[in-house]
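Asker: starting from these lines, generate the structure:
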Amino acid sequence: MSNREAMCPVWHVRPTVQPVWEAQGMTVLIAGCGDLGTQAGLYFAEAGQRVVGWRRSADKLPARIEGTSVDLTGKLPAIPADTDVVVIALTADGRTEAAYRATYYEGTANLLGALARDGVEPRRIIFVSSTAVYGNDDGGWIGESTPPAPSTATGTVLRETEELLTERAPQSVLLRLSGIYGPGRTRLIDQVRNGTAHAGGAPHWTNRIHRDDAAAAIVHLAGLEAPATAYLGTDQEPALLAEVRQFIAEELGLPVPPIEAPTEEREVTGKRCSNVLLTSTGFTFTYPTYREGYRAVLKGVGVRHL
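Answerer: The predicted structure follows:
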């Protein structure tokens, strides 16, 4: 265990439970079948579930997912009567408050209206949210017991959508993901390669999760018998951004930029996210830290679902 892991506080968690499928072979509806939603859909299909995927361009979905072209803010098609799980994994058209409100809040409200319209009551609704609902930026640890206090307009919309779901659909589970990386998500790698990733600025804690682990967590939570209301989906080791850049540079055989150490004038920023509650349910990571994950990305493991 690293020193950083050892510093992680022990959050109050419920006892470990084993994943169970109460309804084998019933329907999973994925509203927002982009890269993450598609990967989760493929995992559901492997587990023997029928998967229906809604996205604007359904022709891009793999054959194992029954695709339907849908604009979640418009008129929605009939929802299969045997829908057991609904996954809401949306992506806004931009990083503005208006784009987030149209996609997340209004899209989710519209979906809840369609479920009521069709008299469908899924056993579980999983909403893919973000650790952006926590506005903490002092380098401290956060967990599910940390009160959400978003510091951005987009984070506020996500929090409002969470509240909408927990009020109107109490069977909902909120999966607050940290930064997703994985196949085709090479922005940080590209910055290191082209020399635009600088070590300057205040030391900053970052948190991330590989796309495949995020998708696996969705499937895992769908199968829990008595889940909590919210989980942080993040890997085992928060890391200083400069450390991640150093690691990628070493893997690429490029010059390694120095790490700026915290000082009284350069206090560390960001937050460190704990996954203790998620792992207490028996979930295990394929890529427990950024090291295993970025090595896989650099080797070209996996594909991005566009």
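Asker: can you tell me what sits against the helix or strand containing Ala98?
Answerer: Assigned by DSSP states H and E, Ala98 falls within helix 97-100. Around helix 97-100, the neighbours that count as contacts under CB atoms under 8 Å, 6 or more residues apart in numbering are 92-93, 153-154, 156-158. Using the backbone N, CA and C atoms, a C-beta is placed for each residue, glycine as well.
Asker: just the CA atoms of the following helix or strand past that helix, as PDB, please.
Answerer: Note on helix 97-100: by DSSP H and E, the next helix or strand toward the C-terminus is helix 107-118. The C-alpha trace of helix 107-118 is given here as PDB (Å, rounded to 0.1, in the frame of the first residue of the first chain):
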ATOM      1  CA  GLY A 107     -33.400  14.800 -20.500                       C
ATOM      2  CA  THR A 108     -33.700  13.000 -17.200                       C
ATOM      3  CA  ALA A 109     -37.000  14.600 -16.300                       C
ATOM      4  CA  ASN A 110     -38.300  13.600 -19.800                       C
ATOM      5  CA  LEU A 111     -37.200  10.000 -19.200                       C
ATOM      6  CA  LEU A 112     -38.900   9.800 -15.800                       C
ATOM      7  CA  GLY A 113     -42.000  11.100 -17.500                       C
ATOM      8  CA  ALA A 114     -41.900   8.400 -20.100                       C
ATOM      9  CA  LEU A 115     -41.500   5.700 -17.500                       C
ATOM     10  CA  ALA A 116     -44.600   7.000 -15.700                       C
ATOM     11  CA  ARG A 117     -46.400   7.300 -19.100                       C
ATOM     12  CA  ASP A 118     -45.800   3.700 -19.900                       C
END
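Asker: send me the helix or strand following helix 107-118 as CSV with only the CA atoms.
Answerer: As assigned by DSSP H and E, the chain's next helix or strand after helix 107-118 is strand 124-130. Output of strand 124-130 as CSV, limited to C-alpha atoms (Å, rounded to 0.1, in the frame of the first residue of the first chain):
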residue,chain,number,x,y,z
ARG,A,124,-32.9,0.1,-10.5
ILE,A,125,-32.0,3.4,-12.1
ILE,A,126,-28.3,4.2,-12.3
PHE,A,127,-27.4,7.8,-13.0
VAL,A,128,-23.9,8.5,-14.1
SER,A,129,-22.9,11.7,-12.4
SER,A,130,-19.6,13.3,-11.6
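Asker: angle of strand 124-130 against helix 107-118?
Answerer: Comparing the axes of strand 124-130 and helix 107-118 via axes from the mean of the first three to the mean of the last three CA atoms, to 10 degrees yields an angle of 170 degrees.
Asker: please name every helix or strand in contact with the helix or strand following strand 124-130.
Answerer: Downstream of strand 124-130, the next assigned helix or strand under DSSP H and E is strand 138-142. Using 3 or more CB pairs under 8 Å, 6 or more residues apart in numbering; DSSP states H and E as the contact test, the elements touching strand 138-142 are strand 269-273.
Asker: now the strand it packs on: buried residues?
Answerer: Neighbour-count burial for strand 269-273 flags 269-273 (criterion: 16 or more other CB atoms under 10 Å).
Asker: mind listing the strands for the protein?
Answerer: 27-31, 50-55, 66-69, 83-88, 124-130, 138-142, 172-177, 179-181, 204-206, 208-210, 230-233, 239-240, 269-273 (DSSP state E).
Asker: many thanks, have a good one.
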